[in-house]
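K.L.:
Fold the following.
(chains A, B, C and D)
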There are 2 protein chains.
Amino acid sequence: MPVTLKDIARRVGKSVPTVSRALGNHADISPETRAEVQRVARELGYEPSAIALNLRRRRAGAVSLISPAHAQVRFSDPFFAEFLNGVVEAVAEQHIDLLVTAGAEEDVEALYLKQIRSRRTDGFIVVRTQRNDNRIHLLREQGVPFVAYGRTEENNDFCFVDEDGTAGIALVVDHLASLGHRRIAYISEPLFLTKAYHRMLGFRQGLERNHLSFHPELFVETHFRQRSGRQAAAYLLDLPQPPTAIVAANDLLALGAMHEAQSRGLTVGRDVSITGFDDIPLTEYVHPALTTVHLPAQEFGRRVAQMLLKLIDKAPLEERQFIYRPSLVVRGSSGPAPI
Amino acid sequence: MPVTLKDIARRVGKSVPTVSRALGNHADISPETRAEVQRVARELGYEPSAIALNLRRRRAGAVSLISPAHAQVRFSDPFFAEFLNGVVEAVAEQHIDLLVTAGAEEDVEALYLKQIRSRRTDGFIVVRTQRNDNRIHLLREQGVPFVAYGRTEENNDFCFVDEDGTAGIALVVDHLASLGHRRIAYISEPLFLTKAYHRMLGFRQGLERNHLSFHPELFVETHFRQRSGRQAAAYLLDLPQPPTAIVAANDLLALGAMHEAQSRGLTVGRDVSITGFDDIPLTEYVHPALTTVHLPAQEFGRRVAQMLLKLIDKAPLEERQFIYRPSLVVRGSSGPAPI
DNA sequence: AATATAAACTAAATCGATTTAGATGTCAAG
DNA sequence: CTTGACATCTAAATCGATTTAGTTTATATT
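P.N.:
Now for the predicted structure:
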């Protein structure tokens, strides 16, 4: 049986409000009573009921992160896992709970609405934003605090943390072009995701500024995982005129592509160059190590969470929006174009 | 402003309890009133306050998963990420919230105690059990429902899901022995973890039943991550008489070891065999693909969560304990011993 | 001595639901 | 015409906290 104020009140022979005020160090309690109450509370291991408190305060004491339905990967995406690490730590520091939920395929918005109406949560962390994102429409409409990781393509007047994916991929193309590559392929994530779209733009921008033309047959839109990367690479390497370099929109796709190239006996970094994006912890430990674009995933998680907590507390926010300019990490998977 | 029973009551001109009973389909409400109340509720988008309900029911409507402090990896451990996927899905199906928290380094037990006393949670999922696990002592003492992933070394009279790591690693040793390997090294996770300990036992058992002797210099106890695997492999390969096969206690360690071997110009699977454990999604996509032991991480997560939910509901449990017998997955990273 | 003031406490209301016990009105049976 | 049964509803209590508005008692002031 958990200990309540009533239990303490009974023990010290005082009323419940007195006990409450004694524990809260209010002025209208005599030093003796206060000491006695606090002693008994400690002795009984009293801890206020989070639920009762939340009812009174009309807060949930929790923030919510709903993993989107379309992400078959959910937490197994290493980038997202790192991001989650950051969120969990930032939230734990403030003694707020993190509610983690999986969105059902049908309609994630119903889930958001339910959480809002049942007042389970004080705010949301929105991940994997889409170019036209109904979740964001909804949250804005409902006036619920939220911070997104990523932007949308429309009205971006909300709090978010994002990366400049366009600049990131353009750096990759620069790098490959400087190595003499002229047939560069691109493996894209689904383009309804804002970040996939931005990265794709970076690819086109990179081609352009290096005076390379865009070959539609060298552009593949696929899913998130390694399997897709492998399949896409198989298609590309089977082309009559295969690319000498493959830019993948994320590291998992790149690893899948590398696997395909290697199982064809190609040496990655020599016969074909392959690059990724995100710099997940693994990239350093595959062979050859992956040339990629670094993102501080955990820091993104921290930032998003901290912004959200401030937003909820209506504390002043130094910055409502943050766009990280990523940097290139050159490793062994990219090398000079073969002649 | 969220909609409450009071709002509905005002609208239909009835008392709050009547509204409550109408929504709950109780018998003592006239069909007309019931219909009217339900109509208005729908119209206003009424959803009961989760907090008020929980206060009344004296339940939290949530279960808790606290990532242990010693796990520097937390969610970035791909096995754990998969496990979490399973948990999240099983829990979401039952409309229960999952509270994810990070344990501070100092004392995780204090965190558990706090969550128990403040009645934030109805039960716990305990991961990365230790041979002598204070969290389990505590939960048992407090009589709080919990399910562990993994056992302890003492009294195991509680609900858990586990793998038979001993059998798993022994399979690996059998496999390597059958390929002619006689100098087999082992890279272990920290041995205070039950699962690390079990796997280590499997290594010794495997050696024994293949009539191989245990060489202390071929046994390295280290941490979880790739970096440790790499360092351990460096040490092993620098030995005057290096091993021909390296058994790593998990896939990340194995990938680290592979990286070290490859950066020395060795061909993994020919010059040296390397094996892992867990069969994380990545193992299939490195080159050569990793020989490992398969564990259905996501299913483990589901099982643990489902057990916990039943335990909380005091529903009958067909089985309180489940030990999975893992199977070997042979891929390219293991091959015949060089002569 | 009467009154104002301060100290230390408590009753009652509140948050948003549910449940228990009781109230009211209608109708049929005696 | 009274009584009992039934249908339908509401008042009050409860979960565990906090806050507001008093209340009581002792002390200081005039």
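K.L.:
and A:Gln298, helix, strand or coil?
P.N.:
helix (DSSP: H, G, I helix; E, B strand; the rest coil).
K.L.:
How many neighbouring residues does the residue in the stretch 151-300 of chain A that DNA strand D sits nearest to have?
P.N.:
In the stretch 151-300 of chain A, no residue comes nearer to DNA strand D than A:Cys159, which is 28.4 Å away by CB to the nearest atom of the strand. Where you see a C-beta, it was placed from the backbone N, CA and C, and this is true even at glycine. Neighbourhood size, A:Cys159 [other CB atoms under 10 Å in any protein chain shown]: 20.
K.L.:
from memory it sits against A:Gly150, does it?
P.N.:
No - if you go by CB atoms under 8 Å, A:Cys159 and A:Gly150 don't touch, sitting 11.7 Å apart.
K.L.:
Please identify the helix or strand for the nearest residue to A:Thr166 once chain neighbours are set aside.
P.N.:
Excluding the flanking residues, the one nearest A:Thr166 by CB to CB, 6 or more residues apart in numbering or on different chains is A:Gly202, at 3.9 Å. Element membership of A:Gly202, judged by DSSP states H and E, is helix A:194-209.
K.L.:
Could I get the full set of strands for the stretch 151-300 of chain A?
P.N.:
Using DSSP state E, counting those that start in this stretch, the strands assigned to the stretch 151-300 of chain A run over residues A:159-163, A:184-188, A:219-221, A:245-248, A:273-275, A:292-294.
K.L.:
what sits up against the helix holding A:Gly202?
P.N.:
With contacts defined as CB atoms under 8 Å, 6 or more residues apart in numbering or on different chains, helix A:194-209 is touched by A:128-131, A:133, A:150-153, A:162-174, A:177, A:184, A:186, A:188-191, A:213-214, A:219, A:247, A:249, A:277.
K.L.:
what do you get for stretch A:24-35?
P.N.:
So stretch A:24-35 is contacted by A:Val12, A:Lys14, A:Thr18, A:Arg21, A:Ala22, A:Val37 (CB under 8 Å, 6+ apart).
K.L.:
quick one: A:Arg302 and A:Asn54, what's the gap?
P.N.:
Relative to A:Asn54, A:Arg302 is positioned 25 Å away (CB to CB, to the nearest Å).
K.L.:
A:Val40 now?
P.N.:
25 Å.
K.L.:
neighbour-wise, which of those two wins?
P.N.:
A:Asn54 (23 against 19).
K.L.:
does that one count as helix, strand or coil?
P.N.:
Classification of A:Asn54 using three-state DSSP returns helix.
K.L.:
thinking it is in contact with A:Ile96, fair?
P.N.:
No - in this structure A:Asn54 lies outside contact range of A:Ile96 using CB under 8 Å: 11.3 Å.
K.L.:
Now for the two: what residues contact both?
P.N.:
By CB under 8 Å, 6+ apart, A:Asn54 and A:Ile96 have these common neighbours: A:Gly61.
K.L.:
what's the burial count for A:Glu141?
P.N.:
Neighbours of A:Glu141 under the rule other CB under 10 Å: 8.
K.L.:
quick one: what helix or strand has it in it?
P.N.:
Element membership of A:Glu141 [criterion: DSSP H and E] is helix A:134-142.
K.L.:
From the chain's centroid, how far away is that helix?
P.N.:
Centroid separation between helix A:134-142 and its chain, computed with CA atoms, centre = their mean, to the nearest Å, is 18 Å.
K.L.:
List the buried residues in it.
P.N.:
A:Arg135, A:Ile136, A:Leu138, A:Leu139 (16 or more other CB atoms under 10 Å in any protein chain shown).
K.L.:
would CSV of those with distance to B:Ser228 and pLDDT be doable?
P.N.:
Formatted as CSV, these follow (distance: CB to CB, whole Å; pLDDT from 0 to 100):
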residue, distance to B:Ser228, pLDDT
A:Arg135, 39, 95
A:Ile136, 41, 97
A:Leu138, 45, 96
A:Leu139, 42, 97
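K.L.:
Need the max-distance pair from those residues.
P.N.:
A:Ile136 and A:Leu138 (7.2 Å; CB to CB).
K.L.:
ok, which stretches of chain A are helices?
P.N.:
A:5-12, A:16-23, A:31-44, A:50-57, A:78-93, A:108-117, A:134-142, A:165-178, A:194-209, A:226-237, A:251-263, A:297-313 (DSSP state H).
K.L.:
out of those helices, deepest packed?
P.N.:
When those are scored by mean count of other CB atoms under 10 Å in any protein chain shown, the highest mean neighbour count falls to helix A:251-263 (a mean of 27).
K.L.:
list the helices and strands it packs on?
P.N.:
For helix A:251-263, the packing partners by 3 or more CB pairs under 8 Å, 6 or more residues apart in numbering or on different chains; DSSP states H and E come out as helix A:78-93, strand A:184-188, helix A:226-237, strand A:245-248, strand A:273-275.
K.L.:
please redo it, this time with the cut-off set to 10 Å
P.N.:
helix A:78-93, strand A:184-188, helix A:226-237, strand A:245-248, strand A:273-275, strand A:292-294 (3 or more CB pairs under 10 Å, 6 or more residues apart in numbering or on different chains; DSSP states H and E).
K.L.:
what's the angle from that helix to helix A:78-93?
P.N.:
Put simply, helix A:251-263 runs at 150 degrees to helix A:78-93, going by axes from the mean of the first three to the mean of the last three CA atoms, to 10 degrees.
K.L.:
what distance separates helix A:251-263 from the centre of its chain?
P.N.:
Here the centre of helix A:251-263 is set off from its chain's centre by 23 Å, with CA atoms, centre = their mean.
K.L.:
For A:Leu191, give me its contacts.
P.N.:
A:Gln130, A:Arg131, A:Tyr197, A:Arg199, A:Met200, A:Glu221, A:Ala249 (CB atoms under 10 Å, 6 or more residues apart in numbering or on different chains).
K.L.:
so A:Arg140 makes contact with A:Phe124?
P.N.:
No - look at A:Arg140 against A:Phe124 with CB atoms under 10 Å: they stay out of range, at 11.2 Å.
K.L.:
intersection of neighbour lists for those two?
P.N.:
Common contacts of A:Arg140 and A:Phe124 (CB under 10 Å, 6+ apart): A:Phe146.
K.L.:
Apart from its neighbours in sequence, what residue is nearest A:Ala248?
P.N.:
A:Ala254 (3.8 Å).
K.L.:
which residues sit in contact with that neighbour?
P.N.:
Contacts of A:Ala254 (CB under 10 Å, 6+ apart): A:187, A:226, A:229, A:233, A:246-248, A:268, A:274-278, A:280, A:283, A:286, A:290-292, A:333.
K.L.:
List the residues that contact A:Tyr324.
P.N.:
Contacts of A:Tyr324 by CB under 10 Å, 6+ apart are A:161-165, A:167-168, A:294-296, A:299-300, A:303.
K.L.:
ok, back up a step: export the contacts of A:Leu191 to JSON lines and tack on pLDDT?
P.N.:
Shown next, in JSON lines, are those (pLDDT from 0 to 100):
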{"residue": "A:Gln130", "pLDDT": "95"}
{"residue": "A:Arg131", "pLDDT": "96"}
{"residue": "A:Tyr197", "pLDDT": "98"}
{"residue": "A:Arg199", "pLDDT": "98"}
{"residue": "A:Met200", "pLDDT": "98"}
{"residue": "A:Glu221", "pLDDT": "96"}
{"residue": "A:Ala249", "pLDDT": "97"}
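K.L.:
can you redo the helices and strands packed on helix A:251-263 as JSON lines with distance to DNA strand D and mean pLDDT?
P.N.:
JSON lines is the format used below for those (distance: least, CB to the nearest atom of the strand, whole Å; pLDDT from 0 to 100):
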{"stretch": "helix A:78-93", "distance to DNA strand D": "22", "mean pLDDT": "94"}
{"stretch": "strand A:184-188", "distance to DNA strand D": "52", "mean pLDDT": "98"}
{"stretch": "helix A:226-237", "distance to DNA strand D": "50", "mean pLDDT": "93"}
{"stretch": "strand A:245-248", "distance to DNA strand D": "53", "mean pLDDT": "98"}
{"stretch": "strand A:273-275", "distance to DNA strand D": "56", "mean pLDDT": "98"}
{"stretch": "strand A:292-294", "distance to DNA strand D": "46", "mean pLDDT": "98"}
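K.L.:
Reformat those into a markdown table and put distance to DNA strand C next to each item.
P.N.:
Conversion of the helices and strands packed on helix A:251-263 to a markdown table gives the following (distance: least, CB to the nearest atom of the strand, whole Å):
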| stretch | distance to DNA strand C |
| --- | --- |
| helix A:78-93 | 24 |
| strand A:184-188 | 45 |
| helix A:226-237 | 45 |
| strand A:245-248 | 49 |
| strand A:273-275 | 53 |
| strand A:292-294 | 46 |
